[in-house]
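> Here's a sequence, model it:
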Amino acid sequence: GNTHNMGRSRTQLRQETARQTSLPFLSGTATASAAGTITDAPVLGRAPDDSLIGTHVYLLEETDEQHHVATDNVQSTGVVTFVPTVASYGDSTPPYEILPFAADAIHSALDEAMMTAYDRGLLVRKSWIHAVSGSPIYNADFSYWTSSSALHGWTATTSTLARSQAVADKWVGENVAQLTTASGNLRLDPTWRRFLAEMAGDSVRLHAWMNGTATGANRAALLENGTSVANTGNHEGDSDWHVVSSSFVTLTLGETDFAVQFERAAGTSACSLIWLEGGNFPDLHPIPIALFPEGPSAIYSYSMDLDTTNAKAAVQGTRGHPIGGWDFRRFHDEAANVEMGLIEWKKRPAPHRLLRIEGDGPLTLPTADTGVVECNQIEGLLLAKMAAIILLERNIHTASPRWAARVDRLARDVERLAEGMGSTQDAVSLGPIW
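Below is the predicted model of the structure:
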């Protein structure tokens, strides 16, 4: 069948990388375990006595310590002894891997292989984000997360932040920011507020595409110096998506600290797009550079309908068309140690339009073993071979002479696969990185 859209889990890529090294690799589910041993006669019984000493034991479901080193193995019983020991297993019959290199080292090599493949134009991830023209709010559609509880450029206070990728939430993008406990807010960080300062002295109002489960408990706010100067109406609390809006307010001329946030008092508060309307059109619009290291490849503009009788239409792009008149700039904020991606408008688009910003970025390795990398089987094999080369070359000074031959063979395999993919490679498109 067609494997192009079949993602590969981190576990699959790690195991394939281990296989490609042609060094000892075994995996299975232990039939028994103790503080410093695992037993699996059918699988571990294949290895001669002491042959696994020095290999890395990775316990996939262990919650205390997953990474260990084998100190002994007995073929007749299929027992491997390892350090450090584990006081107690989350699973008395844990799934395990015997790896030639530490799992973390393999993951690091896979990360490097993904970046190398991206630099060579072999594997790219087509991503998109949404924003509103004239509203320079960073990561305004909550596309870019550094983990499932960390939204880049925003900070949650008091309340617990969570990411939703439920189908019912995907009206704007692939990710929704949720506040789920206590009374708190999610506020734009100071590093990114600087772009709102261009709107000082202007009349603006705030909109947010929100969902909530408690009547009158969730809203968005516009702030000056940490004090709210405009609030949207409260969400209806009907567990459905609506646009909530504030009245127009004139931002204080000369003020330098403006911010936006969405707030939760009760229930669950969710937001997937927040934007400003009105004021002079800012020259710069910040975007997550991790999604688009080389900048956008295209920007599309869509009309927005704020008819309150059809609130869902407000965020549904209609009559879209590509727009030009922009440049991409990279800027390093030395004090904040943050690299920024900036769209610089040479020809300003019409204000208050929904923008879909598209571009290419590198694949990313998930932090969970069950997490999926958006590559097919052949692409996964290419990454595993590249990662195996990286691991062998890093350790070749301590290896047998045969390692150099393995590296040469893998390098030939990589070039053969890359050549075959060059004419047929289609970039994977699964939405924003998270």
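> Only C-alpha atoms from now on, for both contacts and neighbour counts.
OK.
> how long is stretch 258-272 from one end to the other?
One end of stretch 258-272 sits 20 Å from the other (C-alpha to C-alpha, to the nearest Å).
> Likewise for stretch 367-380?
For stretch 367-380, the separation between the terminal residues is 17 Å (C-alpha to C-alpha).
> most remote residue from the protein's center?
With C-alpha atoms, centre = their mean as the measure, the chain has its most outlying C-alpha, relative to the mean C-alpha position, at residue 76: 45.3 Å.
> Isn't that one up against residue 45?
Yes - with contacts defined as C-alpha atoms under 8 Å, residue 76 counts as touching residue 45 at a distance of 6.1 Å.
> Give the buried residues for stretch 91-107.
The neighbour-count check on stretch 91-107 (16 or more other C-alpha atoms under 10 Å) flags 93-103, 106-107 as buried.
> what's the neighbour count on the residue nearest to residue 152 when sequence neighbours are not counted?
The shortest distance from residue 152 to any residue that is not its chain neighbour, by C-alpha to C-alpha, 6 or more residues apart in numbering, is 5.4 Å, and that residue is residue 145. Here the count is done by other C-alpha atoms under 10 Å, and residue 145 has 20 residues near it.
> How about the contacts made by the residue farthest from the centre of the chain?
For residue 76, the contacting residues are 41, 45, taking C-alpha atoms under 8 Å, 6 or more residues apart in numbering as the criterion.
> got it, and residue 418?
Contact criterion C-alpha under 8 Å, 6+ apart gives 122, 382 as the residues in contact with residue 418.
> Now do it against residue 46, distance only.
Relative to residue 46, residue 418 is positioned 35 Å away (C-alpha to C-alpha).
> cool, and residue 369?
With C-alpha to C-alpha as the criterion, residue 369 and residue 46 are 26 Å apart.
> What of residue 285?
Distance, residue 285 to residue 46, by C-alpha to C-alpha: 60 Å.
> Same question for residue 220.
Residue 220 is 62 Å from residue 46, by C-alpha to C-alpha.
> repeat for residue 272
Residue 272 sits 53 Å away from residue 46 when distances are taken as C-alpha to C-alpha.
> now residue 151
Here the distance between residue 151 and residue 46 works out to 47 Å (C-alpha to C-alpha).
> Just want to know which of those two has more residues nearby.
residue 151 (22 against 14).
> Strands of the stretch 51-200 of the chain, start to end?
With DSSP state E, counting those that start in this stretch as the criterion, the stretch 51-200 of the chain has strands at 56-59, 67-74, 79-83, 95-99, 125-132, 145-147, 150-151, 154-157, 161-164, 176-179, 184-188.
> Report the buried residues of the third one.
Of all the residues in strand 79-83, those buried under the rule 16+ other C-alpha under 10 Å are 79, 80, 81, 82, 83.
> Which helix runs longest in the chain?
If you go by DSSP state H, the chain has its longest helix at helix 402-422.
> List the buried residues for that one?
Within helix 402-422, the residues that count as buried by 16+ other C-alpha under 10 Å are 403, 406, 407, 410, 411, 413, 414, 417, 418, 421.
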